[in-house]
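**Student:** sharing a sequence plus its predicted fold:
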Amino acid sequence: MPTIDAKILAVMKMPPAEREAVLLAAWPVAGDGERPWLLRALLDAAAAEEQTPRKGLLTRGRPDLERASRLRRAVIGAWPGLAEGEKQAIGQRLGNGLGKSLIEVGGSDRARDRVAAVRAAADVALGRVSGGPVGDAHALLGVLAGDPDPMVSQAVFDVLAALIDRDPRGAQAEGLDRGLACAAGRFGEHRHTGVLRAVALASAGSPGPVLRAWLGAAEEPGHLALRSAARKLDEATRRRHAMAWLGVPALAGVAADTIDACDGFDAEERGRLLRLGHLLGFRGRGRAIARIRKPERLLEMPESQMRALDGEARRGWLRWCEASALRADRRLALLASRVRDQEASVRLLAARQIASLPGTPTADAALFDLALDADPHVAAEAASALARVESPRRRAALAPMLETLARSPHEAVRLAAAEVGRGRAADGPKGVVERARRVLGLGGGARGEEKLRAIEAVERAGAGALAEIEPQLLDAAATLDERLAAKAVLALGRVATPSARSAVTDGLAHRDARVRANAAEGLTRAAAVSGESIDLSAFAAAEHPQRLRANAVRHEWRRLGRAEGVRAAVGAMLADRRPEHRASGLWAAARTGDRQLLGPVAELAARDADARVRARAEITVRRLLPPAGVTP
């Protein structure tokens with residue numbers, strides 16, 4: 001009886017078509033002892049077909065690539081049943097040609113062949129077959145993730161989950177990126193939780209562009225299941241990935257919940273999270289951090305534990321303070337704890353953040369302490385913040401500190417102290433007027449906000465000071481900047497000159513509603529100064545903006561008192577179909593104090609369709625009601 005070697009040799013000598021038929025028929029039924037020989041014969045026959053020119057009339061000189069492909073497909077199609085040694089032999093024999101074979105089998109009409117291709121691609125991608133074309137394996141997985149046959153797609157999802165479990169950074173590969181995104185988008189069909197777990201892990205690394213787009217979409221059907229899968233990961237994994245997930249819209253809520261439970265973090269986990277504070281300004285994490293309900297759990301710790309953190313972690317802690325949704329007073333208390341930190345870089349960052357908070361005596365005291373710092377950069381930063389103080393009241397409170405700062409060894413601190421002193425000198429009426437003239441006369445050189453603040457400072461100094469800057473106010477009232485024009489028109493109402501009155505009256509015809517409303521209020525001020533009667537009743541009509549109507553009604557009430565026409569104008573605003581006009585009508589009703597308006601106001605409080613109008617109406621009812629024990 002001939003040996004298997006002799007049989008194979010006889011088959012290989014057959015004509016190509018006959019040889020192919022024999023090998024393909026024998027391969028599926030070969031025993032364990034025959035299969036290695038047949039495997040080698042199939043691969044040899046495929047190589048021979050690719051290298052041997054055919055002799056046909058039409059195909060002369062060209063190899064039979066289709067027959068070679070059929071032989072290789074037969075090998076890959078049997079992949080799940082092959083021994084590890086046989087798989088390695090195929091990888092070594094085909095080399096990069098294995099990728100082509102995988103793609104050919106992956107395009108088969110038979111689901112069983114496509115599953116075999118997935119298994120082979122898995123062995124290549126996971127490194128179980130050395131030297132295989134990993135890129136082709138990834139590409140095949142990306143394509144077959146969308147396969148309509150659940151047997152094929154489930155096999156792909158198993159492989160994707162295994163690959164990402166081993167190395168989440170692999171999700172950047174083009175084929176895996178496409179496969180993970182496809183698997184995530186099809187979750188409603190396959191319910192494969194393992195692949196969503198892989199997506200959650202991949203999103204914490206550097207997901208590819210396709211998966212990143214799916215994760216960043218407003219709300220995909222699979223996002224809820226993804227969050228559920230992420231929450232089922234072990235606590236250590238969730239904590240490790242919390243910062244990365246803050247930058248992933250689909251998982252930001254999971255990250256926030258994980259950080260909210262950070263009182264269970266050990267020192268190493270807390271330190272690792274704090275060190276990543278520099279990332280809070282990227283990928284939308286600044287918005288996502290607002291979801292953390294109790295950031296104090298992360299930020300509050302004993303001083304001994306804070307000092308045990310390294311400098312990078314303490315600087316990260318400051319960035320968490322800056323980004324977290326904390327009340328200003330609570331944020332200040334936390335920042336002030338770092339005024340005497342052992343590292344200058346931490347104190348410098350604390351000084352910058354304290355300077356950005358609303359000015360309070362506590363904030364100024366912390367800045368003063370920092371201005372005394374031995375480090376020149378920290379001291380200069382804090383002193384510069386004090387020099388920028390614009391409030392006269394705050395500057396007056398800083399006076400006792402100036403003598404100390406004036407003796408600082410740091411030149412920048414001494415200069416800042418001198419600047420604060422000059423600011424105090426300019427806080428009197430004369431200084432305020434001179435500064436306003438300078439700022440308002442700079443044309444486009446000064447910012448709009450700076451001009452508004454200059455006018456407000458003169459208003460606080462009184463009507464006499466406003467009269468001194470009347471020319472500048474008249475120019476401002478005629479400017480194209482509506483906010484500045486509105487502020488100037490309002491201020492001119494307190495200046496008792498014909499030119500000021502004319503400018504205020506002209507403001508009633510301005511194109512901007514805010515300027516017209518301020519003009520009405522300015523005329524009310526003018527009437528109070530001059531004692532004359534100015535009729536603004538025409539501006540209470542419904543075609544005018546709500547604020548102009550409200551100011552006109554208030555003016556007419558002051559001019560005429562409890563006239564039925566004025567009461568009717570308020571009632572018309574309260575009955576207006578536009579909620580913003582009803583809200584302004586409530587403001588006017590509260591200013592009149594007319595208790596005969598209680599009925600319509602109470603009706604709005606009880607039944608208005610707009611929640612904001614109802615809330616304002618409830619406040620107005622309380623203002624119009626007589627105090628307890630007083631008979632109306």
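**Tutor:** Now that the structure is in, tell me what you want to look at.
**Student:** could you use CA atoms for every contact and neighbour count after this?
**Tutor:** Will do.
**Student:** now the helices for the stretch 501-632 of the chain?
**Tutor:** Taking DSSP state H, counting those that start in this stretch to define them, one finds helices in the stretch 501-632 of the chain at 513-530, 546-560, 564-574, 579-592, 598-607, 611-624.
**Student:** right, and those - which one's nearest R293?
**Tutor:** helix 611-624 (25.6 Å; Cα to Cα).
**Student:** what are the buried residues along that closest one?
**Tutor:** Going by neighbour count (16 or more other Cα atoms under 10 Å), the buried part of helix 611-624 is V613, R614, R616, A617, E618, T620, V621, R623, L624.
**Student:** of those residues, which is the nearest to G316?
**Tutor:** Nearest to G316 among the buried residues of helix 611-624, with distances taken as Cα to Cα, is R616, at 42.7 Å.
**Student:** now do the contacts for the closest one.
**Tutor:** A583, L586, A605 (Cα atoms under 8 Å, 6 or more residues apart in numbering).
**Student:** now do A116
**Tutor:** I76, G77, A78, W79, P80, V105.
**Student:** most neighbours out of those residues, which is it?
**Tutor:** V105 (27 neighbours; other Cα atoms under 10 Å).
**Student:** ok, that residue to A139 distance?
**Tutor:** V105 is 13 Å from A139, where distance means Cα to Cα, to the nearest Å.
**Student:** what does stretch 170-182 contact?
**Tutor:** 135, 138-146, 160, 163-164, 195, 199, 202, 206-211, 214.
**Student:** before we move on, the earlier item: now the buried members of the contacts of R616.
**Tutor:** A583, L586, A605.
**Student:** quick check, nearest of these to G571?
**Tutor:** L586 (9.4 Å).
**Student:** next one: the closest one from E543, what distance?
**Tutor:** Taken as Cα to Cα, the span from L586 to E543 is 18 Å.
**Student:** mind listing what's buried along stretch 356-372?
**Tutor:** A363, D364, A366, L367, F368, D369, L370, A371, L372.
**Student:** okay if I get the residues you listed as CSV plus pLDDT, distance to A477 and secondary structure?
**Tutor:** Output for those, formatted as CSV (pLDDT from 0 to 100; distance: Cα to Cα, whole Å; DSSP: H, G, I helix; E, B strand; the rest coil):
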residue, pLDDT, distance to A477, secondary structure
A363, 91, 37, helix
D364, 89, 36, helix
A366, 93, 41, helix
L367, 92, 39, helix
F368, 91, 41, helix
D369, 93, 44, helix
L370, 94, 43, helix
A371, 92, 42, helix
L372, 93, 45, coil
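**Student:** next, format those as TSV and append distance to I455.
**Tutor:** TSV is the format used below for the buried residues of stretch 356-372 (distance: Cα to Cα, whole Å):
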residue	distance to I455
A363	27
D364	26
A366	31
L367	29
F368	30
D369	33
L370	33
A371	31
L372	35
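**Student:** show me what the one helix or strand V439 maps to is packed up against.
**Tutor:** Secondary structure from DSSP states H and E places V439 in helix 429-440. Secondary-structure packing of helix 429-440 (3 or more Cα pairs under 8 Å, 6 or more residues apart in numbering; DSSP states H and E): helix 448-461, helix 463-468, helix 470-477.
**Student:** now do 10 Å
**Tutor:** Packing partners of helix 429-440 (3 or more Cα pairs under 10 Å, 6 or more residues apart in numbering; DSSP states H and E): helix 411-425, helix 448-461, helix 463-468, helix 470-477.
**Student:** just to revisit the earlier point, TSV for the buried residues of helix 611-624, including distance to P429 and pLDDT?
**Tutor:** Below are the buried residues of helix 611-624 laid out as TSV (distance: Cα to Cα, whole Å; pLDDT from 0 to 100):
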residue	distance to P429	pLDDT
V613	41	90
R614	44	90
R616	38	90
A617	41	90
E618	42	90
T620	38	90
V621	41	89
R623	37	85
L624	39	84
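**Student:** which among those gets closest to E419?
**Tutor:** R616 (45.0 Å).
**Student:** how near is A350 to L334?
**Tutor:** 10 Å.
**Student:** identify the contacts common to these two.
**Tutor:** Here A350 and L334 share the contacting residues L318, C321, scored by Cα atoms under 10 Å, 6 or more residues apart in numbering.
**Student:** any chance of the buried ones among the contacts of R616 in TSV with pLDDT as columns?
**Tutor:** TSV is the format used below for the buried ones among the contacts of R616 (pLDDT from 0 to 100):
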residue	pLDDT
A583	91
L586	92
A605	89
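**Student:** for these, which one is nearest R287?
**Tutor:** For the buried ones among the contacts of R616, the nearest to R287 is A583 (31.4 Å; Cα to Cα).
**Student:** hang on, the earlier thing: so the helix holding V439 versus helix 448-461, what angle?
**Tutor:** Interaxial angle, helix 429-440 versus helix 448-461 (axes from the mean of the first three to the mean of the last three Cα atoms, to 10 degrees): 150 degrees.
**Student:** with adjacent residues omitted, what lies nearest to L597?
**Tutor:** A589 (7.0 Å; Cα to Cα, 6 or more residues apart in numbering).
**Student:** actually A244, not the one I typed
**Tutor:** With Cα to Cα, 6+ apart, the residue lying closest to A244 is A204, at 5.0 Å.
**Student:** the one you found and L246, how far apart?
**Tutor:** Counting by Cα to Cα, the gap from A204 to L246 is 9 Å.
**Student:** can I get the buried residues of helix 611-624 in CSV with distance to A396?
**Tutor:** Shown next, in CSV, are those (distance: Cα to Cα, whole Å):
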residue, distance to A396
V613, 42
R614, 43
R616, 38
A617, 41
E618, 41
T620, 38
V621, 41
R623, 37
L624, 40
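**Student:** list just the nearest of these to I354.
**Tutor:** The closest of those, once distances to I354 are taken by Cα to Cα, is R616, at 35.3 Å.
**Student:** so the closest one versus R622, what's the distance?
**Tutor:** 10 Å.
**Student:** what do you get for A366?
**Tutor:** 42 Å.
**Student:** can you check R238 too?
**Tutor:** 51 Å.
**Student:** do P150 as well
**Tutor:** 67 Å.
**Student:** P545 against R516, yeah?
**Tutor:** Yes. Counting by Cα atoms under 10 Å, R516 is a contact partner of P545 at 8.7 Å.
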